[in-house]
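**Student:** fold the following.
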Amino acid sequence: MTGLYARWIDGWERKLATRDSNRVVRPFEWGTDWLARLDFPRIPAEVNGDAPVLLSRFAREAVESSDRFFSYPPVGDYRLQESTLTFTSPVSSACPKNDTVQALWFPAPKDRGRALVILPQWNSGPDGHVGLARLLNRFGISALRMTMAYHAERMPPELERADYHVSSNIGRTIHASRQSIIDIRACLDWLQQRGYERIGILGTSLGSCMAFIAAAHDTRVRVGIFNHVSMYFSDVVWTGLSTQHVRRGFAEEVNQEQLRSYWSVISPASYLSRLRGRKMDSLLVWARHDTSFLPVYSKQVLQSFRELRLPHRIFTLPCGHYTTGQFPFNWMDGLAMCRFASRHL
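**Tutor:** Model prediction:
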């Protein structure tokens, strides 16, 4: 990173990144007990020292049969009270608070049957992307802002941050991501039940990854807006400024390449080819000075979309990750996403 502007952005990024003092370095865990709860792929509760082999096999089989891995029973208890939609997650984490999904509903007058499911960033609070949802309303698009697993209203009492969604527990991170992805699809079901046919997904940072995998497995999604992109879930965790404390939790137990393999099941790279032949327009947003989703990894996504000839547009932000949420970059980002949704949905 060279140049006066780049150094200024980097300094601003690091100042914003160090505001929180409640980051916890948690101990490394293979987390196979979380995967043993799933019906597929099967993994024994007692791994007897074979955790690396079993995790590799689990990830490979889950990717190969991802339609089954991300399948779910239909939700039967949707409840809309004022502007809050609640329902029981099709995936159980044994934490009742986390297993009650909450989403805020922002209907737009005369939306012409257009709606987006919105996923904010990792560790977003209850008001995350509420302003963006309201901005979408002004473009004539209804918005359903969903809270991901272990975030905000779904956060267990022992947590101050959404550590159970992204942590040095490999299996729990897979389980939490699968829960968020399936919850997104359940939100799509609700929109469809209300008569919406022109449906899209918008996700930021962690929400972008979850949104992409949900979209790749659900042909009802006509527009995908992915705000900060990376091919592999693990690369962001391993190299990003915002996840340095998570990286330290792995100690010397695994390396970057191994983690990429274990977390391939929750990585966009595994499902890019599923978009071939799909009538889905995508907006790929990346930041030129991103310290969390490093540009080298974002550019891999852009190149892959080009090589696969997938319908897409690219929007480049002249800032970093944290600074995306600061004026004027937040307005640049929000308007670009809303305009794209308005034109293509």
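**Student:** just checking, residue 121 touches residue 205?
**Tutor:** Yes. Residue 121 lies in contact with residue 205 (CB atoms under 8 Å); the separation is 3.8 Å. Using the backbone N, CA and C atoms, a C-beta is placed for each residue, glycine as well.
**Student:** hmm, who's touching the lowest-mean-pLDDT helix or strand in the chain?
**Tutor:** The least trusted helix or strand in the chain, going by mean pLDDT, DSSP states H and E, turns out to be helix 32-36, with a mean of 91. For helix 32-36, contacts defined as CB atoms under 8 Å, 6 or more residues apart in numbering pick out 43-45, 47, 51, 54-55, 58, 169, 171-172, 174-175.
**Student:** list only buried entries from these.
**Tutor:** Buried members of the contacts of helix 32-36, scored by 16 or more other CB atoms under 10 Å, are 43, 47, 51, 54-55, 58, 169, 171-172, 174-175.
**Student:** and which of these is nearest residue 339?
**Tutor:** residue 174 (35.0 Å; CB to CB).
**Student:** look up which helix or strand the closest one falls in, please.
**Tutor:** Residue 174 is located in helix 170-193, with elements delineated by DSSP states H and E.
**Student:** over to residue 115?
**Tutor:** strand 114-119.
**Student:** run through the neighbouring helices and strands of the next helix-or-strand element following that strand.
**Tutor:** Going down the chain from strand 114-119, the next helix or strand is helix 130-138, by DSSP H and E. In this structure, helix 130-138 packs against strand 100-106, strand 114-119, strand 142-146, helix 329-344, with contacts taken as 3 or more CB pairs under 8 Å, 6 or more residues apart in numbering; DSSP states H and E.
**Student:** give the buried residues for the second one.
**Tutor:** Read it as strand 114-119. Buried, per 16+ other CB under 10 Å, within strand 114-119: 114-119.
**Student:** cool, and stretch 32-43?
**Tutor:** Of the residues in stretch 32-43, those buried (16+ other CB under 10 Å) are 32-36, 38, 41, 43.
**Student:** got CSV for those residues, with distance to residue 273 too?
**Tutor:** Formatted as CSV, the buried residues of stretch 32-43 follow (distance: CB to CB, whole Å):
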residue, distance to residue 273
32, 28
33, 32
34, 27
35, 24
36, 29
38, 24
41, 20
43, 26
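**Student:** from the residues you listed, which single one is nearest residue 254?
**Tutor:** For the buried residues of stretch 32-43, the nearest to residue 254 is residue 32 (13.6 Å; CB to CB).
**Student:** pull out the buried positions in the helix or strand hosting residue 63.
**Tutor:** When elements are assigned from DSSP H and E, residue 63 belongs to helix 51-64. Going by neighbour count (16+ other CB under 10 Å), the buried part of helix 51-64 is 51-52, 54-55, 58-59, 61-63.
**Student:** now do stretch 297-315
**Tutor:** So for stretch 297-315, counting by 16+ other CB under 10 Å, buried means 297-298, 300-302, 304-305, 310, 312, 315.
**Student:** grab the nearest non-local neighbour of residue 330.
**Tutor:** Nearest residue to residue 330, sequence neighbours excluded (CB to CB, 6 or more residues apart in numbering): residue 324, at 6.5 Å.
**Student:** circling back: quick one: mean pLDDT over the strand holding residue 115.
**Tutor:** Mean pLDDT, computed over strand 114-119, is 98.
**Student:** ok, residue 233 to residue 59 distance?
**Tutor:** Distance, residue 233 to residue 59, by CB to CB, to the nearest Å: 11 Å.
**Student:** where does pLDDT dip in this structure?
**Tutor:** 1-2, 45-48 (pLDDT under 70).
**Student:** again, only this time at 80
**Tutor:** Within the chain, the segments meeting pLDDT under 80 span 1-2, 20-21, 39-49.
**Student:** hmm, who's touching the strand holding residue 115?
**Tutor:** Contacts of strand 114-119 (CB under 8 Å, 6+ apart): 103, 108, 129, 132-133, 136, 140-146, 148, 180, 184, 187-188, 191, 196, 198-204, 206-208, 210-211, 223, 225, 341, 345.
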